[in-house]
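Student: After the sequence you'll find the predicted model.
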Amino acid sequence: MGRLAKIHEPYEINVKNEWCKGCGICVGFCSRNVLAMNADGKAYAQHPEKCVGCNKCEIYCPDFAISLGGLTDGADRKDKVISR
Amino acid sequence: MGRLAKIHEPYEINVKNEWCKGCGICVGFCSRNVLAMNADGKAYAQHPEKCVGCNKCEIYCPDFAISLGGLTDGADRKDKVISR
Amino acid sequence: MWCSGCGNGLVTGSLLRAIENLDIDTSKIAIVSGIGCSSRAAGYLNFQTLHTTHGRALAFATGLKMVRPELTIFVIMGDGDAMAIGGNHFIHASRRNIDLNAIIFNNNIYGMTGGQASPLTPQGEKATTAPYGAERNFDIMKVAVATGATFAARATTYHLPLLDKLIEKGVKNKGFSVVEALTYCPVGYGKLNKKGDATAMLNWYKENSIPVEKCTTVDHEGKITVGIHHHQAAPEFVEEYTRRTQGVKR
Amino acid sequence: MWCSGCGNGLVTGSLLRAIENLDIDTSKIAIVSGIGCSSRAAGYLNFQTLHTTHGRALAFATGLKMVRPELTIFVIMGDGDAMAIGGNHFIHASRRNIDLNAIIFNNNIYGMTGGQASPLTPQGEKATTAPYGAERNFDIMKVAVATGATFAARATTYHLPLLDKLIEKGVKNKGFSVVEALTYCPVGYGKLNKKGDATAMLNWYKENSIPVEKCTTVDHEGKITVGIHHHQAAPEFVEEYTRRTQGVKR
Amino acid sequence: MNGRSEIRLSGSGGQGLILAAIILAEAVADEGGYVVQTQSYGPEARGGASKAEVITDVEEISYPKVGSPDFVLTMSENSYLKYGSDYKEDGILLVDTTFVKNVVSNGKNVVALPITRYAKEELGRDTVANIIALGILNGLANIVIHDTLKKAVLSRCPSGSEEINTKALELGLSLAKETRSTASRLA
Amino acid sequence: MNGRSEIRLSGSGGQGLILAAIILAEAVADEGGYVVQTQSYGPEARGGASKAEVITDVEEISYPKVGSPDFVLTMSENSYLKYGSDYKEDGILLVDTTFVKNVVSNGKNVVALPITRYAKEELGRDTVANIIALGILNGLANIVIHDTLKKAVLSRCPSGSEEINTKALELGLSLAKETRSTASRLA
Amino acid sequence: MGQIEKTRLFQGNEACVAGAIAAGANFYAGYPITPSTEIAELAARKLPETGGKFIQMEDEIGSMAAVIGASIGGAKSFTATSGPGFSLKQENIGYAMMAEIPCVIVNVQRLGPSTGIATAPAQGDIMQARWGTHGDHPVIAFAPSSVRETFDLTVKAFNLSEKLRQPVFILLDEIVGHMRENIHIPHQDELEIINREKPLPDQPYKPYDEEKEVSPLASFGEGFSYNITGLVHDEYGFPTTDSEKTKKLLSRLQRKIDNHLEEIILTEEFGMDDASLVVVSYGCTARSVRQAVKMARKNGLPVGFFRTATIWPFPYEKISAFADKTKTLLVPEMNMGQIFGEVERAVHGQARVVGLNRFDGEMITPDEILQKILEVI
Amino acid sequence: MGQIEKTRLFQGNEACVAGAIAAGANFYAGYPITPSTEIAELAARKLPETGGKFIQMEDEIGSMAAVIGASIGGAKSFTATSGPGFSLKQENIGYAMMAEIPCVIVNVQRLGPSTGIATAPAQGDIMQARWGTHGDHPVIAFAPSSVRETFDLTVKAFNLSEKLRQPVFILLDEIVGHMRENIHIPHQDELEIINREKPLPDQPYKPYDEEKEVSPLASFGEGFSYNITGLVHDEYGFPTTDSEKTKKLLSRLQRKIDNHLEEIILTEEFGMDDASLVVVSYGCTARSVRQAVKMARKNGLPVGFFRTATIWPFPYEKISAFADKTKTLLVPEMNMGQIFGEVERAVHGQARVVGLNRFDGEMITPDEILQKILEVI
Ligand SMILES: Cc1ncc(C[n+]2csc(CCOP(=O)(O)OP(=O)(O)O)c2C)c(N)n1
Ligand SMILES: Cc1ncc(C[n+]2csc(CCOP(=O)(O)OP(=O)(O)O)c2C)c(N)n1
Ligand code: SF4
Ligand code: SF4
Ligand code: SF4
Ligand code: SF4
Ligand code: SF4
Ligand code: SF4
Ligand SMILES: [Mg+2]
Ligand SMILES: [Mg+2]
């Protein structure tokens, strides 16, 4: 399914809390200011509506903790190959 | 004392028998056929009169066994630095 | 496993994407690693993984490759692992042109032991064992090429799509392939040298890199050259060995 | 000591002439060697001589040089000693640019143990451990340059006057100097590969060498390039260390 | 100070607990007591639950590890789970509620305070939470004279940070006093 | 062949003495005897005085080194000096006078022959001196049947050199016979 | 050894290679060193003849690593070296112990310490074989006394290595390694060859099952995803720092050897019944001892011969069993007294233990031993 | 330790560096490894302050080589490592033994074998320190139990090393290396510092004089032409294969240690007079033992405390001296029983020897020891 087909749907941004280490890279790299850190020091989508699905947050998260639903299967892939 | 000053004197070719291993390099490298191997397998000056003092035999002897008297002090130098 | 923000996860991600793109049967993939933060990746990946001794990953992998030429072997090493204690195995794997895919997680420091200098710590920078500044450093690309590697490439963790591609191309090269992945250690190197947090270190890479194709000299204005530095086919070691010994009577 | 006709004596002769020409106080000369036929030279020279373990001469010499910077240190190694087991110390001495004079007696074989392959045995040639032909070999000059040596030169035992001069120039270079002396082992390599006697092997060098200055590519028509391959100054390791730590309070 | 006393500071890496332990140990040494300081180095030292321990005594200390502590500080969920219950019957557990949400007393002494929140909110810098904790600890357990501890803190803190560290220590002391007076906080 | 018999072949490296020892040992093995063959590997193996030894016995051989030999061959000045005197009272010393100039008998059996000269002059190749020596040795000491030895020689010599090696062996045998008949050569 | 069968002249080092190949060895990685070099040279020549592979690595460390890597790929792999190389291999030997990777390591001992005398025989690395790498783990080491035994023990070494997933040492010495004897080499079908157990396909796989003494070992390339590490690990091979698991792992490593002592320990004895003095020996020295004891018994002396072909695990029990019936144990060794200490431990003060030591590069002669026997009996 | 003098908080590893510098150390070469890394880091920082030099080498082998090279240049040199690095250094350690080059090697022990658990304490390299390199030679090794003792024994290690031209080991463990204690560091002038003997100028120089126990050592650069080698050598340092010279050399190496046992062996004991059970310990374990023995004696049990700070040469005589007056010796160790074997040898069957072993990365507690005491007394 191409990216264009989804361009106007809001992106589903999933953060796996147990894996997020709060490094803030995703926040720093999201050019749309979609993401922010919560009080627990985990990333979350503060403004999901602004997301353009560029996928930067996913590939720059060093802990495989963030993924865009529907678009990619980053977290799934990880589940498959990351054994623990 | 320059080499020219000695050009017509016969060169003194010294072979230290204890050190000569009879490899034949000096014989092979002397372009004047001055040198030959004796029955004991050691080099000796068969035709010293033909020697032109090119010094090749001395520098190509891997065992420091041959030297040209007067001209160079190869064997002496060796005695100084080769400890045994 | 890794500290918050550590770039090792980024390189690991690239490796996984490259594997996915290459579409290799995972049972034909083996990951061999040394000792270091980066090498710990091996223990967390769902392949056949071999976590060896410090510096020796390539030598272990050499034995494995000889008896299992059908495997695609990734050899994951830190900069200290590959180029300090493991330097000899590196240059000889390179000389042999054995079909291994060396991925060097270069964070310019010994991460695991807490920030000591590595042969890749930039000259003059600080490390806990180089309180007055580090020695001269290697250029991995130069060492790889001069010793015989048939594929040598570099990308930073800022250039992840490039890194994916380079790993893929390295796998496709039948011979010794070196991919230097410039990662970063915010905790060791970063803190000591005041390089800021992970995001800052990534951005530093962005600003200080240049595609190697754009350079005439290899060290263009002090910038880091990224991309393929060398790619030239040569007979592969195990194939050569097999060829040479084929006729031997049984 | 050495077999009849062995080229090691020729290299030793060159070394002695170079020392004589340089006119260094012999009490300021130290010879450090590894293990191998060539390394045995150390035990026969009337200097301060240190015969170490196989492959480790440069590492011993590094410690010695650091505490005795005033010494002129020659590090005598065989090709196996320097480039097989000792490869890591070689590339790191080179990286550091420490002021040591490495003289590699390259006879393309392990002489002392009786003719096994070395990383300098030409590819495809025979050795007792390479009965079906040797692996790919190193080019010492390339490795030296890529790893940081500031002086790298090569001569064969046919080119003794050149060898004398190269050793001299290496000593004058303040930094890591590599002189590869191509010698020959009639007993091991020579016999196995039917290269004839010592004289024949010397003549082979004569016919198969070419001054590096005359080449455009480094491996000109498969000939051996002799002469200075690289000479470029860089700060020397011990001096740099001393400079960096000078200001440290006592 | 009398007899053997075992103190455990636990939390996650980067909270400055090793430094706090060293400061405490130096204060003890300054007063002429015997002291041993140890810490965990495992992988847990990177995130997870790490600990730094101090043992003080009036005579030479043989066994250098904490058996059952007299005082425990926990500054993370994990360390609370791991170290939050094995302290002595009459010991004290100090919990940083900034990180530990559900504190159970089990009938023993518990002091639950949002230490890191105080650090951030009242002093503007969460990195001095360790010093506040030290102040509370010493205020409650009287390990050394307050001024000795202050001297120890000042000798270890980077120049320029003397003021904020002093304030943190004092804040800790006053929190301890408050706690002592409001018995309700001691479960 | 009966009882333990100790044979030492000595000379300098490159004279083919190890090969000779192996051939002899193989011949012994072929006849069903026990045999042990050893050699010196020291630096002396490169020039100087090297040796190869063969011990034969009808029962299993324990100690594998030659104590005092029954038969010694010396093919160099150095090896003569080193090994030329410690053989058994009734043993035999075979000296290659091509290399050893001054031979003294000390009242024991000595056979002095210019073996290498024979090899060069009569067979045109000094490298078969070792085989001549073997022939002499076996001719004098009757260690194995001549044909067994011949078979062993042939199985070890490079193809193309069968003839010259056979001739060398025969020459050795005839020299031994000659020697036996001319007692003068046995001192 | 039957006299009916045709014998062939074999060098000790050669018999080692022949034994390895007979046992199924198909990979060798090594680095030349006197007096072991013939093993490398023969392996280089012979392995390809049976489809095996040889590599000369850049050093001994790499050799040991490659041997382990190849074994993980499913090969029966081995290496040979001498003292200096054995020292260098120690770190990776410890790895193979911890990760339980089968392989055979031959050390043809020469005179040490350090470079010592490369060509002189010695029995100086006996204790190093036991304790050379850091940390605790049991080892298996054989010391052949003859060329034929070198063949046999090499086969046995491979078998035990495969069966127990344990690196096994062969401690040759320059004498046995370099001597030639005419021996009968058994036919391949006379030999029992053991291969490592493999996991069942499509079953959950624990490479380090706590319940088992030895778990099956999947070769890389066979499709079992698991981890191998030199760190303390759990049943799946993943690192752990749990103290309970640590204890279980290290205890199991010890147990798997302890449970097979009878199979591993090989000794030989004669003249023990009436012996008031027993000479305990191994390796090349046992050859001189055999001759000396025979001489002694011919002269009517009540002397016994006890030889151990297995150095580690040491036959404490067997020695302790005869110690109280014996007055004196004589232990001749070509070192300063290494096994001497183990014999002392075994004897527990029940008999006097006397050493006879040479460490000058020469074999101990039967005469020396006989003289010592006369002196101490 | 006087209470009058001001104390300072020191880490064990830090005390080691302080001791080294106090002893005159001016060169360090090393390669980082947990739990020894602080020693390298401090040496890097501190040595230049007193004109010394530090180098991080490419690996442990190179580190050991550089340490020897620097010592030959006249420096007092040292290195620190842990198990894996200690294994790698073994070949060059043997070189230093053979060539008689003074230097100090610190091993901060962690749990092995192999990579084991990098951060967990152990006493697993005790036997490796004795037998880790090939060939025969004696060793000197200390195992401090406290931070202050780490300082003192480091000074002593340098002194003995210089005096005897012998590499000396310090076997720390993760506990002692990483713990901080407040200690009094003696003033420089309270310390006895020994420097190697130098040859007289313009005199014939024998670096390996057969007549002497230890010969003077000329530094390179001082104008004495001689040879140093790891081969067996003559009195001038030149290689020889002569068996007589070999024997003389190796015997002298042994003798020079044997002749100084009293000076080298340091032990501590209390409660021995009436002890029917003696607990023998060393290193960090001795701390738990001390507490346990005190508790036992408080409870009226006749238990003795015997600690050895010198592991090698082992105090066989001292132990054997009390063994016959004792019923049981208990040997708690954080390994599988290494010193246990040596105690058994020392005891010669005169008393029962019982081990108490943990090899799971945890310290043995005083309670465990006490319980065992109650069980076996
Ligand atoms: C033989 C040996 N020496 C030293 C160590 C300690 N050690 C573990 S990892 C490491 C270096 C880590 O640096 P690098 O290879 O760059 O990996 P990183 O942690 O930075 O990813 C060292 C020195 C060891 N485990 N083994
Ligand atoms: C650790 C170690 N491994 C192996 C050896 C055996 N050995 C001695 S010299 C040598 C190689 C000699 O070759 P090279 O270095 O080229 O010197 P050459 O004899 O050819 O001059 C080897 C492998 C050794 N002494 N030490
Ligand atoms: S996909 Fe892009 S825009 Fe959306 S949250 Fe991630 S980085 Fe921001
Ligand atoms: S990049 Fe990943 S780990 Fe870092 S804050 Fe974002 S989600 Fe968390
Ligand atoms: S000097 Fe020249 S001409 Fe004279 S003998 Fe020597 S090589 Fe021949
Ligand atoms: S070159 Fe030297 S060693 Fe060779 S034959 Fe001539 S003199 Fe003798
Ligand atoms: S220490 Fe550095 S390299 Fe290691 S995990 Fe942490 S950030 Fe990454
Ligand atoms: S073996 Fe070769 S290198 Fe060694 S001395 Fe003989 S000829 Fe020279
Ligand atoms: Mg790194
Ligand atoms: Mg060579």
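Tutor: The structure has been received and is ready for your questions. Ligands and ions are numbered 1, 2, ... in the order given.
Student: which residues in the chain form strands?
Tutor: Picking chain A for this. With strands called from DSSP state E, chain A shows them at A:12-15, A:35-37, A:43-45, A:66-69.
Student: look at chain E instead
Tutor: Using DSSP E, the strands of chain E run over residues E:5-11, E:34-39, E:50-57, E:71-74, E:92-96, E:109-113.
Student: would you turn those strands into JSON lines with mean pLDDT?
Tutor: Shown next, in JSON lines, are the strands of chain E (pLDDT from 0 to 100):
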{"stretch": "strand E:5-11", "mean pLDDT": "96"}
{"stretch": "strand E:34-39", "mean pLDDT": "96"}
{"stretch": "strand E:50-57", "mean pLDDT": "95"}
{"stretch": "strand E:71-74", "mean pLDDT": "96"}
{"stretch": "strand E:92-96", "mean pLDDT": "96"}
{"stretch": "strand E:109-113", "mean pLDDT": "94"}
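Student: Reformat those into a markdown table and put distance to residue H:36 and mean neighbour count next to each item.
Tutor: The way it works is simple: take the backbone N, C-alpha and C, and place the C-beta from them, glycine included. Shown next, in a markdown table, are the strands of chain E (distance: least, C-beta to C-beta, whole Å; neighbours: other C-beta atoms under 10 Å in any protein chain shown):
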| stretch | distance to residue H:36 | mean neighbour count |
| --- | --- | --- |
| strand E:5-11 | 25 | 26 |
| strand E:34-39 | 16 | 24 |
| strand E:50-57 | 20 | 25 |
| strand E:71-74 | 29 | 27 |
| strand E:92-96 | 33 | 24 |
| strand E:109-113 | 39 | 20 |
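Student: Output these in TSV, with distance to ligand 2 appended to each entry.
Tutor: Below are those laid out as TSV (distance: least, C-beta to the nearest ligand atom, whole Å):
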stretch	distance to ligand 2
strand E:5-11	48
strand E:34-39	40
strand E:50-57	42
strand E:71-74	52
strand E:92-96	56
strand E:109-113	62
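Student: What residues does chain C have near chain H?
Tutor: C:35, C:53-55, C:84-85, C:87, C:110, C:112-114, C:116-117, C:119, C:128-132 (C-beta under 8 Å from any C-beta of the partner chain).
Student: please redo it, this time with the cut-off set to 10 Å
Tutor: Chain C comes close to chain H at residues C:35, C:51-55, C:80, C:83-88, C:110, C:112-119, C:121, C:127-132, C:134-135, as judged by C-beta under 10 Å from any C-beta of the partner chain.
Student: out of the strands of chain E, which comes closest to residue B:42?
Tutor: strand E:34-39 (75.2 Å; C-beta to C-beta).
Student: Direction included, what does the closest one pair up with?
Tutor: strand E:50-57 (antiparallel), strand H:180-183 (antiparallel) (DSSP bridges).
Student: For the stretch 151-300 of chain G, which segments count as helices?
Tutor: G:174-178, G:243-258, G:261-264, G:285-298 (DSSP state H, counting those that start in this stretch).
Student: Take the strands of chain A and lay them out in a markdown table including distance to residue H:218.
Tutor: What follows is the strands of chain A, written out as a markdown table (distance: least, C-beta to C-beta, whole Å):
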| stretch | distance to residue H:218 |
| --- | --- |
| strand A:12-15 | 69 |
| strand A:35-37 | 66 |
| strand A:43-45 | 67 |
| strand A:66-69 | 67 |
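Student: Tabulate those strands (a markdown table), appending distance to residue C:231, mean pLDDT and mean neighbour count.
Tutor: Listed next are the strands of chain A as a markdown table, based on distance: least, C-beta to C-beta, whole Å; pLDDT from 0 to 100; neighbours: other C-beta atoms under 10 Å in any protein chain shown:
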| stretch | distance to residue C:231 | mean pLDDT | mean neighbour count |
| --- | --- | --- | --- |
| strand A:12-15 | 39 | 94 | 18 |
| strand A:35-37 | 38 | 97 | 18 |
| strand A:43-45 | 39 | 96 | 22 |
| strand A:66-69 | 33 | 89 | 21 |
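Student: so can I have JSON lines of these showing distance to ligand 1?
Tutor: As requested, the strands of chain A are exported to JSON lines (distance: least, C-beta to the nearest ligand atom, whole Å):
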{"stretch": "strand A:12-15", "distance to ligand 1": "26"}
{"stretch": "strand A:35-37", "distance to ligand 1": "26"}
{"stretch": "strand A:43-45", "distance to ligand 1": "25"}
{"stretch": "strand A:66-69", "distance to ligand 1": "23"}
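Student: out of the ones you listed, nearest to residue G:106?
Tutor: Residue G:106 sits nearest to strand A:66-69 of all the strands of chain A, at 53.3 Å, using C-beta to C-beta.
Student: before we move on, back to that, let me have the strands paired with strand E:34-39 in TSV, adding distance to residue D:40 as columns.
Tutor: Shown next, in TSV, are the strands paired with strand E:34-39 (distance: least, C-beta to C-beta, whole Å):
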stretch	distance to residue D:40
strand E:50-57	55
strand H:180-183	51
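Student: I'd like the ones you listed laid out as TSV, including distance to ligand 7.
Tutor: As requested, the strands paired with strand E:34-39 are exported to TSV (distance: least, C-beta to the nearest ligand atom, whole Å):
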stretch	distance to ligand 7
strand E:50-57	14
strand H:180-183	23
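Student: on that earlier part again, of the helices of the stretch 151-300 of chain G, which is nearest ligand 2?
Tutor: In terms of C-beta to the nearest ligand atom, the element of these nearest to ligand 2 is helix G:174-178, at 13.7 Å.
Student: Test my guess that residue G:55 contacts residue G:48.
Tutor: No: the criterion here is C-beta atoms under 10 Å, and residue G:55 misses it with residue G:48 at 11.5 Å.
Student: Which neighbours do the two have in common?
Tutor: residue C:241 (C-beta atoms under 10 Å, 6 or more residues apart in numbering or on different chains).
Student: about what we covered before: I'd like to know which of the strands of chain A is closest to chain F.
Tutor: strand A:66-69 (67.2 Å; C-beta to the nearest C-beta).
Student: close to chain C, is that closest one?
Tutor: No: counting by C-beta under 10 Å from any C-beta, chain C has no neighbours in strand A:66-69; the shortest distance is 11.3 Å.
Student: Quick one: list the elements packing against that strand.
Tutor: Applying 3 or more C-beta pairs under 10 Å, 6 or more residues apart in numbering or on different chains; DSSP states H and E, we find strand A:66-69 packed against strand A:12-15, strand A:43-45, helix A:56-60, helix A:74-81.
Student: residues in chain A within reach of chain E, list them.
Tutor: For chain A, the residues in contact with chain E (C-beta under 10 Å from any C-beta) are A:21, A:39-41.
Student: Kindly reformat those residues as JSON lines and extend each row with pLDDT.
Tutor: Shown next, in JSON lines, are these (pLDDT from 0 to 100):
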{"residue": "A:21", "pLDDT": "93"}
{"residue": "A:39", "pLDDT": "84"}
{"residue": "A:40", "pLDDT": "82"}
{"residue": "A:41", "pLDDT": "87"}
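Student: which of these has the most neighbours?
Tutor: Scoring the residues of chain A next to chain E on neighbours with other C-beta atoms under 10 Å in any protein chain shown, the highest-scoring entry is residue A:21 at 22 neighbours.
Student: contacting residues around that one?
Tutor: Here residue A:21 is in contact with A:41-43, A:61-63, A:65, C:1-6, C:9, C:198, E:47 (criterion: C-beta under 10 Å, 6+ apart).
Student: Where does pLDDT dip in chain A?
Tutor: By pLDDT under 70, the weakly predicted segments of chain A are A:1-9, A:70-84.
Student: Neighbours of residue C:227, how many?
Tutor: Counted with other C-beta under 10 Å, the neighbours of residue C:227 add up to 18.
Student: again with residue G:350
Tutor: Counted with other C-beta under 10 Å, residues neighbouring residue G:350 total 17.
Student: Look at it and give its secondary structure.
Tutor: Under DSSP: H, G, I helix; E, B strand; the rest coil, the three-state class of residue G:350 is coil.
Student: Near ligand 3, which residues of chain A are found?
Tutor: Counting by C-beta under 6 Å from any ligand atom, the residues of chain A close to ligand 3 are A:11, A:13, A:29-30, A:32, A:34-35, A:51-57, A:68.
Student: at 8 Å what do you get?
Tutor: Residues of chain A lying close to ligand 3 (C-beta under 8 Å from any ligand atom) are A:11, A:13, A:26, A:29-35, A:45, A:48, A:50-58, A:60, A:66, A:68.
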